[in-house]
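A.B. asks: Sequence and predicted structure are below.
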Amino acid sequence: MTMVQQELRKQLDDLSSAIKAQRLALDGLINQRSQVQRELNSFLDPMALLPLELQSKIFLDCLPVCRTEEDGIARTPDPKAAPMLLLCVCQLWRDIALSTPEFWNHLRMESSPSGASDFQLFEIWLKRSRSFPLALTLEGSSVLAKDIKGLIDGCRERVETLTLLLTIIPPRGSHILREPFPSLKKLTIKSTLNVNGFNIRNWMPILKTSPTLTHLSFSGSFSVWETTG
C-alpha cells in the first residue's frame, strides 16, 4: 500500500468517526428537544396541573360504556377507543393511562385467540392491571387454548367476576372451572345454542373451589334441566 493510499484510508476513518460523533450529538439534541417540548406541553395542557388521582378519574369516565353489569361484558382491546386510544395522544396522557390499573382490570378475550398478536395484547393488558381485582369475559369454546389457560392461571387468584360466553356448553361442565378461583364472587355462564341433557349438578364443584362465590347464573337455551337424582 502506497503512502497516498494510507493517507486516504486514514482520512476515510477520521471522517467516519466524525460522522458517528455528529450523529450521537444530533440524537442527544433531539432527545433534549423532546424533553423541553414535553415540559412546555405540561404548562400548556391543563391536565398537567391536576393531581394524578383526578387525572385518572377523568380518564376513567372516558372509558367505553359497557352494557349492563349483569351482562358481564368487559372491555375489548380497541386501538380506536379508550384506554388504548389514550396511549397515542401524548406522553402525559400515556403516562396517566399506564399508571392507572383500573383501566386494565376488565378484559374480554377469545378462549382461542386468532393469533399470537392477540395473546400478546391480552398478556400486556393484564400486566397493566397490576394487582387489581379482575373482571374477565371469555368468549368461544369451553376448552381454553394453551396460552390463554396459562394467562388465566397466572392471574386466577385476582379474578372476582367471570363471564363465559360459550359457543358450546358441555353437559359435564367446563374445563375452565376445574381449578379454583379463590376470589371469584360472580360467575355468569351464557350460550345461545341449544344444549340437550344439561345437568346443572355437573357445574356445582365450582362452589367448592370458589369459596367467595355469591352469584351464579346460567343463561341460554336448554332442552333438559336435570337437577334431581
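C.D. replies: Cool, got the structure.
A.B. asks: And the pLDDT for residue 187?
C.D. replies: Note on residue 187: pLDDT of 91.
A.B. asks: got the residue ranges for the strands in the protein?
C.D. replies: 106-110, 134-140, 159-166, 186-195, 198-199, 215-222, 225-226 (DSSP state E).
A.B. asks: Show me where this protein dips below the pLDDT cut-off.
C.D. replies: In the predicted model, the chain carries pLDDT under 70 at residues 1, 42, 65-74, 114, 169-173, 192-199, 221-229.
A.B. asks: Determine the longest helix present in it.
C.D. replies: Identified as the longest helix of the chain according to DSSP state H is helix 3-44.
A.B. asks: Packing partners of that one?
C.D. replies: In terms of contacts (3 or more CB pairs under 8 Å, 6 or more residues apart in numbering; DSSP states H and E), helix 3-44 is packed against helix 91-98. In this view, the C-beta of every residue, glycine as well, is placed from N, C-alpha and C.
A.B. asks: and the helix it packs on, how far from the chain's centre?
C.D. replies: Remark: helix 91-98 is offset 16 Å from the chain centroid, using CA atoms, centre = their mean, to the nearest Å.
A.B. asks: tell me, how many neighbours does residue 63 end up with?
C.D. replies: Residue 63 has 15 neighbouring residues, counting by other CB atoms under 10 Å.
A.B. asks: The nearest residue to it once chain neighbours are set aside: neighbour count?
C.D. replies: Nearest non-adjacent residue to residue 63, counting by CB to CB, 6 or more residues apart in numbering: residue 82, 5.1 Å away. Using other CB under 10 Å, residue 82 has 18 neighbouring residues.
A.B. asks: Would you mind listing the residues in contact with residue 82?
C.D. replies: Taking CB atoms under 8 Å, 6 or more residues apart in numbering, we find residue 82 in contact with 59, 62, 63, 64, 103.
A.B. asks: Out of those, which two sit at the greatest distance?
C.D. replies: Greatest spacing in these, by CB to CB: 59 and 64 (12.3 Å).
A.B. asks: For these two, work out which one has more neighbours and name it.
C.D. replies: residue 59 (19 against 12).
A.B. asks: residue contacts, that one?
C.D. replies: Contact analysis of residue 59 by CB under 8 Å, 6+ apart lists 82, 83, 86, 93, 96, 97, 100, 103.
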